[in-house]
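[1] only geometry, no sequence info:
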């Protein structure tokens, strides 16, 4: 616009004048911007390792260096060798000589010397790029150990370079070093959480199914990046360096979710991702549909209400994504959607993206057909699965053995292709067997065994097919295969055989054994006892090994730390996989039981003598362990679990906390959060002293990971667990500062929760009727007629048995009572009811102390502190009227709180700037009044730091109101106080960092720039903001 005005008024000379004036004005502004960026830490390295800096060549060697390079360029390697050796003899620390010498050895075919020269070159350069080149050359020459060493040196040289981390992760993934690759990717995601290139690479690790890899960690990384791209960009063609998501990434994410068996999320991600790729991300109304009608092909029919069919036509869907969607729908049991996708794929009517129309499938589409066929087998649709598997088998390549066996990539590709072909063939055999085509199935299984003679799984399938056919000699062959498979299994995996109870029939290959119910029950009890004994022995061994390395692990020894983490993780995994620790009702069990009946082993003929007596003793011991106390018929008995695998709950908690500490040291906060949250649900950790500690550790891990949603969930747990106490609400400070923390603190769900708790507190303080709800251990407001009458509802724990026990007790009492007893029926009923209620309420407090926190006393005073916190929550959401109301409630109780006065002043001034304010001057006057009261209260404390705070807050208030002259005055006074404090302090920089000097200087500089005083702004920037 300025240039247009100049052209209209003064021509070229005016344009030059305007350009000169613009440049004179923009030069100081650009300098100030650069200083501000430097002050915020952008584009400025503070210490750290520098890049590659080779040694400067001395003047006397410059001519020799020139001759060396010329000889190397023209390919005269004999002369190059002579010059390089001469330069190394004079000065061995010149990198270019070693590089040229490596090239000479490469030309001569002496790869060992070449790699040695390149290693020396890397040591001299000390640069990550140089070490990466060394790794590439070593890998090409087959020196894999040297390549790994070079990769480690590249990481140690520049450990926080994203590109180096990405290259290292790729290479380590190719070398199957998943543990080191995951470390590189985790550090990369710390720097770039949405780096699609790294996420694509790490997907292969998380989808490998390894026991050392947490697949849900990978799901967390990939889904977060997916959601960020969906929210940040409207489509794949939006401009931006970070917009890297494509269809390949979407396919990998969907495959990982299918592998993790989270089919609902996989379907949602697939449809939303395709919508984003088609630039339709705004059409969120499709998410409300439960079917896949969004991607129906032309002519697709769906059954509507009243059995009416309707033709639909949706959007295009790429063939591979449609195949994945078909697999997901089959896994979920949604046959109608799956049938539409399968019919479309088989008819080659996928969409316009499927350009190649041939009778034979390609390699990629064949794999998708095989996956669909497996899902069809899961739905018992073997005929359709067989047809698709046969088509896929014809399309899959039959790889030839590789010539270069040393090449790991080639060997892995060959192994994967052979495994895919064998898997497809085995599934064809299974389908034939299910369709009663036993001859074809047996032939297929034998073909697989001819290629893989040691495959026990295929031998078992062949034995099953032979048994089903039951031809001449088939049963005998099946028995031989079963014995061969069992012989190859480890000894501990072989099941205990039930002995025969009668004479065998000599004419049969399989002798059926008649086993009684009691024998089967005794056998299952024996299996359980033996398995528990083995687990207890294994746990004891792990605990001994952990105790030996614990001191060195916490002292920082990396080998001891890894050993301790490995053993502790094994124990915790066994703990988390125990179903007995995760019942439907977590807590103290109340149930009806009769006297303990022991199992009679007289009918069991599997063991004799001492073995029989030993097994009987162990089974009876387990029976007594299940019943903590004998009781007469129809008695309410409490069952408490305080040990698992002969390890007490205190020891399990100690192991968990130590493992969490070491994992947090190793930057594995995600694993700690998942572990502690899951273990806090176990029945053994329901007491307060265990549960609270686990939640605190989970909260610390979430803070370290920056997962503010999890932090807020843990705060909510503590505020609900410790009712009518203000200490849990003070944990809100764990959210920290910043826009993300403010957004979490002020969201609607959290506001409503705080308001419910505040109303419950104030209602109890004002004398409203509240009652104690025992199942959740909290005071609640009455909502039903029974609750209003003061009757506490019974917990839903074996509820029917409790009622039956009471009824039996009453019938027995009425039957035994004399007819002429001088007791009224109503009094008996009241007595029994009171006894039952007292038993129910007293068991938790007497038999199991600490199961829940003590019943908190009903508050007598209003929750003033909670009202102030809720006012801060409303203020964060810019709801100033509500904030003022709750601030005033707290102010009436404590008018001498300076923070409360400052909050009131801020709220009144902010409300006066809103359009809906009725009386802006009145609000401004009230804000100024509370601001003066805040200054008076703070001045009474008489500290210079408080004077700095007061001046800054006054300047910020006037700045917000637009009174810039007063804002400048107070900002300058604040900076003057800071300067005076720095002159008196021993460490001036500490005073500067802890005071609001930087904020005051920045605001003051912005005022100067706004009012057209760039020189004053530059002075402020040079003095207070420049680093």
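    Structure received. Note that the structure is a prediction, hence the values are computed from the model and not measured.
[2] Would you map out the domains in the protein?
    Annotated domains of the chain cover 1-28, 389-493, 596-630, 763-846, 864-1025 [automatic domain parsing].
[3] Please pull up the helix or strand immediately following the helix or strand of the chain with the lowest mean pLDDT.
    None of the helices or strands of the chain scores lower by mean pLDDT, DSSP states H and E than helix 825-846, at a mean of 36. Scanning forward in sequence from helix 825-846 by DSSP states H and E, the next helix or strand is helix 864-876.
[4] name the helices or strands packed onto that following helix?
    Applying 3 or more CB pairs under 8 Å, 6 or more residues apart in numbering; DSSP states H and E, one finds that helix 864-876 contacts helix 739-745, helix 748-765, helix 880-893, helix 898-912. For every residue, glycine as well, the C-beta is placed using N, CA and C.
[5] Including distance to residue 931, could the ones you listed go into TSV?
    Shown next, in TSV, are these (distance: least, CB to CB, whole Å):
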stretch	distance to residue 931
helix 739-745	23
helix 748-765	27
helix 880-893	14
helix 898-912	4
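[6] Deepest-packed of the ones you listed, please.
    helix 898-912 (a mean of 22; mean count of other CB atoms under 10 Å).
[7] After it, which helix or strand is next? Please name it.
    helix 920-939.
[8] Who are the packing partners of the helix or strand in which residue 484 is found?
    Using DSSP H and E, residue 484 sits within helix 474-488. With contacts taken as 3+ CB pairs under 8 Å, 6+ apart, helix 474-488 sits against helix 456-469.
[9] Tell me the secondary structure at the closest residue to residue 711 other than its chain neighbours.
    Residue nearest to residue 711 in three dimensions, not counting chain neighbours: residue 702, with 4.7 Å by CB to CB, 6 or more residues apart in numbering. Recorded secondary structure, residue 702: helix (DSSP: H, G, I helix; E, B strand; the rest coil).
[10] isn't residue 702 right up against residue 669?
    Yes: using CB atoms under 8 Å, residue 702 is in contact with residue 669, at 7.2 Å.
[11] higher neighbour count, those two?
    Using other CB atoms under 10 Å, the more surrounded residue of residue 702 and residue 669 is residue 702, with 24 against 21.
[12] show me the contacts for the more buried one.
    The contact partners of residue 702, by CB atoms under 8 Å, 6 or more residues apart in numbering, come to 669, 673, 708, 710, 711, 714.
[13] could you check the distance from the fourth one over to residue 197?
    The reference is to residue 710. According to CB to CB, to the nearest Å, residue 710 stands 27 Å off from residue 197.
[14] picking that back up, want to throw the helices and strands packed on helix 864-876 into TSV with distance to residue 722 and mean pLDDT?
    Below are these laid out as TSV (distance: least, CB to CB, whole Å; pLDDT from 0 to 100):
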stretch	distance to residue 722	mean pLDDT
helix 739-745	20	72
helix 748-765	11	78
helix 880-893	21	87
helix 898-912	24	88
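[15] which stretch among these comes nearest residue 229?
    helix 739-745 (18.3 Å; CB to CB).
[16] Show me where this protein has its strands.
    Applying DSSP state E to the chain gives strands spanning 300-303, 309-312, 589-593, 635-639, 643-644, 647-648, 771-773, 778-780.
[17] what mean pLDDT would you report for the third one?
    Okay, so that is strand 589-593. Averaging pLDDT along strand 589-593 gives 41.
[18] likewise the first one?
    Within the predicted structure, the mean pLDDT of strand 300-303 is 70.
[19] just checking, what packs against that strand?
    Judged by 3+ CB pairs under 8 Å, 6+ apart, the packing partners of strand 300-303 are strand 309-312, helix 335-346.
[20] burial of the closest residue to residue 696 other than its chain neighbours, as a residue count?
    Residue nearest to residue 696 in three dimensions, not counting chain neighbours: residue 714, with 7.9 Å by CB to CB, 6+ apart. Neighbours of residue 714 under the rule other CB under 10 Å: 25.
[21] switch to numbering from 19
    Will do, 19 is the new start, and the previous item becomes residue 732.
[22] Residue 732 reaches residue 715, doesn't it?
    No: with contact defined as CB under 8 Å, residue 732 does not count as touching residue 715 (9.8 Å).
[23] what pLDDT does residue 883 get?
    Looking at residue 883, the pLDDT reads 79.
[24] Ok, residue 1020 next?
    Looking at residue 1020, its pLDDT reads 90.
[25] how far away is it from residue 1042?
    According to CB to CB, residue 1020 and residue 1042 sit 8 Å apart.
[26] can you check residue 244 too?
    From residue 244 to residue 1042 the distance is 43 Å (CB to CB).
[27] so who does residue 253 touch?
    294, 295, 296, 297, 299.
[28] Swap in 7 Å and give it another go.
    With contact set as CB atoms under 7 Å, 6 or more residues apart in numbering, residue 253 has these partners: 294, 297, 299.
[29] okay, now the first one: neighbour count?
    Pointing back at residue 294 there. So residue 294, with other CB under 10 Å, has 20 neighbours.
[30] May I ask you to confirm that it is in contact with residue 248?
    Yes: the criterion here is CB atoms under 7 Å, and residue 294 meets it with residue 248 at 5.6 Å.
[31] And stretch 586-605, what's buried?
    586, 587, 589, 590, 593, 599, 605 (16 or more other CB atoms under 10 Å).
[32] How far off centre is it?
    How far stretch 586-605 lies from its chain's middle: 19 Å, per CA atoms, centre = their mean, to the nearest Å.
[33] How about stretch 1002-1021?
    Averaging C-alpha positions (CA atoms, centre = their mean) puts stretch 1002-1021 39 Å from its chain's average.
[34] what residue ranges in the stretch 219-368 of the chain score low on pLDDT?
    Residue ranges of the stretch 219-368 of the chain with pLDDT under 70: 227-230, 321-331, 366-368.
[35] 90 - rerun?
    Counting by pLDDT under 90, the stretch 219-368 of the chain shows low-confidence ranges at 219-271, 273-286, 289-345, 347-368.
[36] That one: helices as residue ranges?
    233-250, 265-277, 281-295, 337-350, 353-364 (DSSP state H, counting those that start in this stretch).
[37] tell me the angle the fourth one makes with helix 281-295.
    So that's helix 337-350. In terms of direction (axes from the mean of the first three to the mean of the last three CA atoms, to 10 degrees), helix 337-350 departs from helix 281-295 by 160 degrees.
[38] elements contacting helix 337-350?
    Applying 3 or more CB pairs under 7 Å, 6 or more residues apart in numbering; DSSP states H and E, one finds that helix 337-350 contacts helix 265-277, helix 281-295, helix 353-364, helix 381-396.
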